[in-house]
Structure formats: structure tokens, C-alpha cells
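K.L.:
give me the fold of what follows.
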Amino acid sequence: MQKSSIIILAGGLGTRLRSVVADLPKCMASVNGKPFLSYVINYFQQQGINDFIFSLGYKHEAIEEFLNNQYSILNIQYSIEEEPLGTGGAIKKACSFVNNENIFITNGDTLFKADIPSLQNFHQSKNADCTLALKLMTNFYRYGVIELNEDDSIKSFNEKKYYKDGFINGGLYMLNVSKFLSESFPEKFSFETAYLEKFYHQHKMFGLIQDDYFIDIGIPEDYERAGKELGERS
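P.N.:
The predicted structure follows:
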């Protein structure tokens, strides 16, 4: 795999986890005695990524202290939001630290163990502006569903409601930086709605289905589940 870097969005407040997690950024929620963020970092390290750009906001000092102590061997850069910019604004700001043509992006409160070399190869073979790693889910309400055309390009984004099954956005992307920055965005915006859902007809956006482990600790039930499942897998 070519030398790659990743933006990890780790500025979330974790409002829905207040009942089970102390006043910390969501990605710092303790799972089996260590921050959830460490599982995310460790996985992408195993996949061959050593250049990390952390997009931080709320209580960023706590994350910086943890990373400087535990991951000093990594090449780390920090993109700090003075106020919440939304996922799109955070990515746009973090892109100023990117030297590569393409960048991986993921959320600090989500772990999707997709095959990173496969995602990179697929993205480059399609000459894609953005590639989304998709996960098949069953019996769910929390996520919208993405449909693909026969060539794996994005056909549609469908709203959150109950689905018996469907492919969801796993919150893991490979993004062509210059194509993304070619659009005029406001300072604060959502990557999902103001870029993906707005521009998928105009930009070359594709989905790659990955049948790998996925956990999003955004709600207490799944945070508790992470403790059991990641304990078994670590």
C-alpha cells in the first residue's frame, strides 16, 4: 500500500453518552480501561497507516495529552476547532495539513475494521472523488441506507427509518482532497449532507461494501456492547 494518512474526527461532545461517560470527548470514553480512540488508532496502525491528523475541538487538551503520552512514535498533527464547525468544516480545516492527493477519514467514536489497502486500491481504480466504506446492517433505525449502481457508484442516500436490511455509511472514507476543496463551502457544514448527499450526482462517488467488524459508540447501548466485544477481540 502506498504511504497513506488519515484524518480522525475527534471533536464530538458525546452528549448522548453523558449517562455513562464522564465529561470527556466521546472518543475518550473508557472501553476496558483505555480510551475507545486507542482501538481506532491501533487498527489503522495495523493496516499500515502511521500519519495521523486529529481534528479536535471539545476538551482537545485531554486528547492531545493522551496521544503525546501513548503514541509519541506516530507522526501526529492537530487541527483544532475554536468552535464546532460540523463534520464538513472540520474536514475542510484538517485538509490544510494533508500533503497527499487522497486522504482517509474516519470518526473517533466509530471503529470499522474495513480492509484499508482494498479501499485504497478501489478508490484509485475508480479515479474516485470520494469512496465510502459500506456495512450491511439488519433490523435497524439509527442509520440511513445507501444504494449503489451496478458500477458501485452511489445511486441514492435514503433517510433514517426502520430497515430490515441495507448498506449504511460506515463513517470511513477515502477522499480526493483537491476535488473536495474545489467546491465552495461555508465555514460550518455537514460533510454528510452538504457534500456527500448534495454532490454525489456531480462528483465521482463510490461505495465499497466491507463485511467487517463495525461499532459506533454514539449511544449508551452500543457503548456497553463495545466493552464486551472489544474485550473479546483484544
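
K.L.:
am I right that Tyr143 is in a strand?
P.N.:
No: with DSSP: H, G, I helix; E, B strand; the rest coil as the criterion, Tyr143 is located in coil rather than a strand.

K.L.:
which parts of the chain are helices?
P.N.:
Assigned by DSSP state H, the chain shows helices spanning 36-46, 60-70, 86-94, 116-125, 177-181, 191, 197-199, 220-233.

K.L.:
turn those helices into CSV, columns for mean pLDDT and mean neighbour count.
P.N.:
For the C-beta atoms, the positions are set from N, CA and C on the backbone; glycine is no exception. Formatted as CSV, those follow (pLDDT from 0 to 100; neighbours: other CB atoms under 10 Å):
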stretch, mean pLDDT, mean neighbour count
helix 36-46, 96, 19
helix 60-70, 95, 15
helix 86-94, 97, 23
helix 116-125, 97, 17
helix 177-181, 97, 17
helix 191, 97, 23
helix 197-199, 96, 16
helix 220-233, 86, 14
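
K.L.:
which stretch among the ones you listed approaches Ile154 most closely?
P.N.:
Closest approach to Ile154 among these (CB to CB): helix 197-199, 9.3 Å.

K.L.:
Ile8: neighbour count?
P.N.:
With neighbours defined by other CB atoms under 10 Å, the count for Ile8 comes to 25.

K.L.:
give the contact list for it.
P.N.:
Ile8 makes contact with Cys27, Leu37, Val40, Ile41, Phe52, Ile53, Phe54, Ser55, Ile105, Thr106, Asn107, Gly108, according to CB atoms under 8 Å, 6 or more residues apart in numbering.

K.L.:
so what pairs up with it in the strands?
P.N.:
Counting by DSSP bridges, Ile8 forms beta bridges with Phe54, Thr106.

K.L.:
pLDDT score assigned to it?
P.N.:
You'll see Ile8 listed with a pLDDT of 98.

K.L.:
so how far is Leu136 from it?
P.N.:
For Ile8, the distance to Leu136 (CB to CB, to the nearest Å) stands at 24 Å.

K.L.:
look up how far Gln202 lies from the residue nearest the centre of the chain.
P.N.:
Closest to where the C-alpha atoms of the chain average out (CA atoms, centre = their mean) is Thr106, at 1.8 Å. To Gln202, Thr106 is 24 Å away according to CB to CB.

K.L.:
report the contact partners of the closest residue to Ala10 other than its chain neighbours.
P.N.:
Distances taken as CB to CB, 6 or more residues apart in numbering put Gly108 closest to Ala10, at 3.4 Å, once the chain neighbours are dropped. By CB under 8 Å, 6+ apart, the contact set of Gly108 is Ile8, Leu9, Ala10, Gly12, Pro25, Lys26, Cys27, Phe36, Leu37, Val40, Phe54.

K.L.:
try 10 Å this time
P.N.:
Contact partners of Gly108, counting by CB atoms under 10 Å, 6 or more residues apart in numbering, are 8-12, 25-28, 35-37, 40-41, 54-56, 63, 171, 217.

K.L.:
same check on Thr106?
P.N.:
Counting by CB under 10 Å, 6+ apart, Thr106 makes contact with 6-10, 40, 43-44, 112, 114, 133, 170-173.

K.L.:
which one of these is nearest Asp212?
P.N.:
Nearest to Asp212 among those, with distances taken as CB to CB, is Ala114, at 5.2 Å.

K.L.:
given whichever strand in the chain runs longest, what are its sheet partners and their directions?
P.N.:
Counting residues, the longest strand found in the chain (DSSP state E) is strand 163-176. Sheet pairing here is set by DSSP bridges, and for strand 163-176 it gives strand 102-107 (antiparallel), strand 130-140 (antiparallel).
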